[in-house]
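[1] Provided below are the primary sequence and the corresponding predicted coordinates.
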Amino acid sequence: MGDLKTKPFDVLVFGATSFVGKILCRYLLEQYGVGGTLKWAAAARSKAKLDALRTNLGQRANQLTMLTADAADAASLRALCAQARVIVSTVGPYALHGQPLVHACVESSTDYCDITGEVQWIRRMIHLYESAARASGARIVHCCGFDSLPSDLGVLFTQNEARKRWGQPCARVKMRVKVRGGYSGGTALSMLNVIEEVANDAALRKALGNPYALCPEGQTKGPRQPDVKGPLYDDDVNSWVAPFVMSAINTRIVHRTNALTGHAYGSSFLYDEAMLCGPGVKGSLRAGAISAAVGAVGVMGSVTPLRKLAERALLTMSGEGPSPQAQESGFFEARFSATSATGERLRTRVRGDRDPGYGSTGKMLGEAAVCLATDVPKDKAGGFWTPATLLGEPLIARLGARAGVTFSVDG
């Protein structure tokens, strides 16, 4: 499949004509150009759409290599793997389209990252390919977008600061997030697909209800975890909070990080997430409305006629999302409130300067791919990693320097 030293590209964007793929390609072009120190290329199924992408990117993209490949064609995926050290995929829903590429990367010792937030699919990929990835040396890193970089790297940043101050990690960390941004049709379809799979499989529903669902075999039990399921006033942030839809994946990734590091955060580590809604009556009403909306999505996804109706509507939106202006005016801010076992307190925050799901996700994914290609030691073992365990502090530095995602200590 090609020796790493002879592969022509450091990074190859697969799904370059998807909504996030276009954002990612523009980001890589602006940050790294074409033919510079970073060798990268773009790939998608349709040559016509690739040609349109090149035109949209402008003259700077004239020399950008663009390859055609189909997510359902094993031979074309193997050919892609022969071209690149790292393949970054934006082709979702991953549970429907993602497995063949993961399989090809594992077989060919090609590193891989994506922006999936589909817990059930990640769990399935680990079960199917973990041993093979370890044997081949392929490093697989899921969740390199808004879910779950701010959470996973934010907890890592917080725990590193705690050790510097007190010589011990924090036993409890809470993340409270404030966002301004929108969703694309593809993201909503992914969420509905997760709900459908869970609704139709009682065993899977039980497994995914476990906060340790993505932890290695033998480490899927631990202390009962807090979980914000409705409106709640949080004294630590002086605000009402509501369920955060991404917590279902983010918390599982954070607990997998803890397990993969030999419980560096402690064997009794507690972690939860929620949305900031503000103080007072207005905050209370907003928390109630968000809680009701999250519940309604679950009901809609689990009732077949309603789900099919939503899927038909969302298919017409596939490939669409927030405008460039909306992406630039959006932001996210994740606030971490941490407490050590002996009562010391620490507050940190992670802030992104763009719409979280697209503007910031495109930049985060780009730097994750570059970090995987250039910063991770070649002798780092193959397998299924989390962003914090494989990319860690080098990625935190990259995000702050290039991607407008900053990590800071509040006190």
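    Cool, got the structure.

[2] all helices in the stretch 1-150 of the chain, in order from the N-terminus.
    Ranges of helices in the stretch 1-150 of the chain, per DSSP state H, counting those that start in this stretch, are 19-32, 47-57, 74-81, 94-97, 99-107, 119-136, 149-166.

[3] Now stretch 99-110 - C-alpha only, CSV.
    Presented in CSV, the C-alpha positions along stretch 99-110 are these (Å, rounded to 0.1, in the frame of the first residue of the first chain):
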residue,chain,number,x,y,z
GLN,A,99,-16.6,1.7,8.0
PRO,A,100,-15.0,0.9,4.6
LEU,A,101,-12.5,3.7,4.9
VAL,A,102,-11.6,2.8,8.5
HIS,A,103,-11.1,-0.8,7.4
ALA,A,104,-8.8,0.4,4.5
CYS,A,105,-6.7,2.6,6.7
VAL,A,106,-6.3,-0.1,9.3
GLU,A,107,-5.2,-2.6,6.6
SER,A,108,-2.7,-0.2,5.0
SER,A,109,-1.2,1.2,8.2
THR,A,110,-2.6,4.7,7.3
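
[4] ok now that stretch, how far from the chain's centre?
    19 Å (CA atoms, centre = their mean, to the nearest Å).

[5] Show me where the stretch 151-300 of the chain dips below the pLDDT cut-off.
    Residues of the stretch 151-300 of the chain that meet the criterion pLDDT under 70 lie in 182-196, 198-199, 296-300.

[6] Let me see the ranges of the strands in it.
    170-180, 232-234, 239-242, 270-278 (DSSP state E, counting those that start in this stretch).

[7] The helices of the stretch 1-150 of the chain: lowest mean pLDDT?
    Comparing mean pLDDT across those, the weakest is helix 94-97, with a mean of 92.

[8] Let me have the helices of the stretch 1-150 of the chain in JSON lines, extended by distance to residue 387 and mean neighbour count.
    C-beta: built from backbone N, CA, C; applies to glycine. Below are the helices of the stretch 1-150 of the chain laid out as JSON lines (distance: least, CB to CB, whole Å; neighbours: other CB atoms under 10 Å):
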{"stretch": "helix 19-32", "distance to residue 387": "16", "mean neighbour count": "22"}
{"stretch": "helix 47-57", "distance to residue 387": "27", "mean neighbour count": "15"}
{"stretch": "helix 74-81", "distance to residue 387": "22", "mean neighbour count": "19"}
{"stretch": "helix 94-97", "distance to residue 387": "16", "mean neighbour count": "18"}
{"stretch": "helix 99-107", "distance to residue 387": "16", "mean neighbour count": "22"}
{"stretch": "helix 119-136", "distance to residue 387": "13", "mean neighbour count": "18"}
{"stretch": "helix 149-166", "distance to residue 387": "5", "mean neighbour count": "23"}
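
[9] how about these, which one is nearest residue 372?
    helix 99-107 (11.6 Å; CB to CB).

[10] tell me the helices in the stretch 301-411 of the chain, going along the chain?
    Secondary structure of the stretch 301-411 of the chain by DSSP H, counting those that start in this stretch: the helices cover 304-315, 324-329, 361-374, 387-390, 392-402.

[11] right, so the strands of the stretch 151-300 of the chain: which one is the most enclosed?
    Comparing these by mean neighbour count (mean count of other CB atoms under 10 Å), strand 239-242 ranks first with a mean of 25.

[12] which secondary structure elements does that strand contact?
    In terms of contacts (3 or more CB pairs under 8 Å, 6 or more residues apart in numbering; DSSP states H and E), strand 239-242 is packed against strand 232-234, strand 270-278, helix 280-302.

[13] Save the ones you listed as JSON lines, and put in distance to residue 340 too.
    Formatted as JSON lines, these follow (distance: least, CB to CB, whole Å):
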{"stretch": "strand 232-234", "distance to residue 340": "19"}
{"stretch": "strand 270-278", "distance to residue 340": "12"}
{"stretch": "helix 280-302", "distance to residue 340": "28"}
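
[14] what's the closest of the ones you listed to residue 256?
    Closest to residue 256 of these, according to CB to CB: strand 270-278, at 11.5 Å.

[15] Give me the sheet partners of the closest one and which way each runs.
    Strand 270-278 has the following strand partners under DSSP bridges: strand 170-180 (parallel), strand 239-242 (antiparallel).

[16] Run through who's touching it.
    Residues outside strand 270-278 that contact it (CB atoms under 8 Å, 6 or more residues apart in numbering): 151, 155, 171-179, 223, 225-228, 231-232, 234, 237, 239-244, 246-247, 250-251, 254-255, 283-284, 286-287, 290, 335.

[17] now residue 73, nearest residue through space, not along the chain?
    Among residues not flanking residue 73 along the chain, residue 100 sits closest, at 7.9 Å (CB to CB, 6 or more residues apart in numbering).

[18] hmm, back to that, mean pLDDT lowest for which of the helices of the stretch 301-411 of the chain?
    Of all the helices of the stretch 301-411 of the chain, mean pLDDT reaches its minimum on helix 304-315 (a mean of 48).

[19] Excluding residues flanking it in the chain, which one is nearest the residue most central in space within the chain?
    Centroid check for the chain by CA atoms, centre = their mean gives residue 143 as the closest residue, at 2.5 Å. Leaving aside its chain neighbours, residue 143 sits nearest to residue 253 (5.4 Å; criterion: CB to CB, 6+ apart).
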